[in-house]
Structure formats: C-alpha cells, structure tokens
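Visitor: coordinates only, sequence not included:
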C-alpha cells in the first residue's frame, strides 16, 4: 500500500523567510501528487498538482511554488513567506482507486 | 467545474445517538465521491468511497453513505455515535479517474462533529 512521508510536522517561520516542505511517496510509481492547504476554520484548498516529473499545475495564484524533481518526490517552496501562508499543508497522492494523504505540516508564520 | 457543499459547519450529538452528515455535490456526470475524517492535527483518513454500483456504501468504523443521484447528495450516516467519532468530516468529489487525467479532489468545507457524553 502507498505511504506518504511529509516533513517537518511543525514549522514556525518568520515573515519573509524561505520555505521548503517535502513530500515523498512509497509503494507506488507514477502517482498523481497534490499539495493542499487548510487554513484555520476553512476547508482544504488545492494549491498544486502534478501528473509527472517536472509537470506542475497551479490552482491558486500565490507566492508559493511547487516542484517534482523525482517521480515520488513533491516539494512546496516559497522565497518569502507571508503571514497569510500560515496553515496546515497536506500532501496527497493518487495512484489506484483512492487518495492517500500525508500527516501534514503545521506552518505558522510569525 | 465540480463543487461540494457541506451545509452543516458544526453538529453536536450525544453518544449513542444516530448521525447524519449532509453532502451535496455539483458535477455534470456521475461523480466519484469520498468521505474523509480528520482528527485534530492529523491527516485525512478515508472512511468510504463511491464509484459505481450499489448506491449504499459501507465504510470503516461503522459508517455508511448513500448516493442519491436525483438529489445530488452523498450523506454520511452512523446508527450509534461513539465519543471517538468526534472529529472533522470532509466530503469530496472527483470528476474523472481515467489514466492521465488530473484527478483533482474537490472538498467541501467540512463538518465539525462534537460528541456529548
């Protein structure tokens, strides 16, 4: 079965600092990969998805970016964080008949 | 474009009572539907899914959901709620699962369930 590893679990960063969140997938190949954000009191918003290496689609304009350097690796980045980037970030994959989610990263921008 | 509405932001039930969480979707064809549960600070756990066939779907932890095309609904039910069911519940829809498609999950805004002792 598929397993998603996300790290770090918790992160506190100052405004204007860079960000790198990593997600790796085990137990599958050529998955669709997704980054979702869950802001306080809100649902899950799709940020990026990728159907293959180097292929990134953005759903929401923002100061975040994503990259997929390897088949099972998906990275979320920012050059300069904003307060509004605070939230719970979830990585997900689809490679069968369902979606598997990582355990998430709680990002607080101060 | 697909969309999901969960009209109840917060529901409170007593332990042992029955539960129904509402979910309405918007999609032009037959959707693929999911219910997920999220405990505080955790990722999402799949409760059940509907792709085709029997419109009454059984899931884990005693949950079930019924797909009603005429009402564009996929409500989640449980006959007797346990205190450990307190969590946030998300309904989600994807329009297509064919190879090469983006297969984007669209989520509802979630329903927070509180269980009273």
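Guide: Done, it's in. Only a predicted model underlies this, so the values are computations on that prediction, with no experimental measurement involved.
Visitor: ok, the closest residue to chain A within chain B - contacts?
Guide: Ranked by Cβ to the nearest Cβ, the top residue of chain B for proximity to chain A is residue B:109, at 3.8 Å. In short, each C-beta sits where N, CA and C put it, glycine included. With contact set as Cβ atoms under 8 Å, 6 or more residues apart in numbering or on different chains, residue B:109 has these partners: A:42, A:43, B:5, B:6, B:9.
Visitor: Just confirm residue B:61 is within a strand.
Guide: No - counting by DSSP: H, G, I helix; E, B strand; the rest coil, residue B:61 is not part of a strand but helix.
Visitor: and it, what does it touch?
Guide: So residue B:61 contacts B:37, B:47, B:78, B:85 (Cβ under 8 Å, 6+ apart).
Visitor: Would you list the buried entries among those residues?
Guide: B:37, B:47, B:78, B:85 (16 or more other Cβ atoms under 10 Å in any protein chain shown).
Visitor: What sits closest to residue A:73 if chain neighbours are left out?
Guide: Take residue A:73 and drop its neighbours on the chain: the residue closest to it by Cβ to Cβ, 6 or more residues apart in numbering or on different chains is residue A:24, 5.3 Å away.
Visitor: which is the next helix or strand following the helix or strand hosting that neighbour?
Guide: For residue A:24, the element it lies in under DSSP states H and E is strand A:19-26. Using DSSP H and E, the helix or strand that follows strand A:19-26 towards the C-terminus is strand A:32-38.
Visitor: Walk me through which strands that next one pairs with, and which way each runs.
Guide: strand A:44-52 (antiparallel), strand A:87-94 (antiparallel) (DSSP bridges).
Visitor: and those, which is most packed in?
Guide: strand A:87-94 (a mean of 23; mean count of other Cβ atoms under 10 Å in any protein chain shown).
Visitor: What helices and strands are in contact with the next helix-or-strand element following that one?
Guide: Downstream of strand A:87-94, the next assigned helix or strand under DSSP H and E is strand A:99-101. Helices and strands touching strand A:99-101, by 3 or more Cβ pairs under 8 Å, 6 or more residues apart in numbering or on different chains; DSSP states H and E, are strand A:3-7, strand A:87-94, strand B:44-50.
Visitor: Partner strands of the first one and their direction?
Guide: Pointing back at strand A:3-7 there. strand A:19-26 (antiparallel).
Visitor: which residues are contacting the partner strand?
Guide: Everything outside strand A:19-26 that qualifies as a contact, by Cβ under 8 Å, 6+ apart, is A:2-8, A:11, A:13, A:31, A:33, A:35, A:64, A:72-78, A:81, A:85, A:89, A:91, A:93, A:95, A:100, A:102, A:105, A:107.
Visitor: Now list the buried members of those residues.
Guide: A:2, A:4, A:6, A:11, A:13, A:31, A:33, A:35, A:64, A:72, A:74-76, A:78, A:81, A:85, A:89, A:91, A:93, A:95, A:100, A:102, A:105, A:107.
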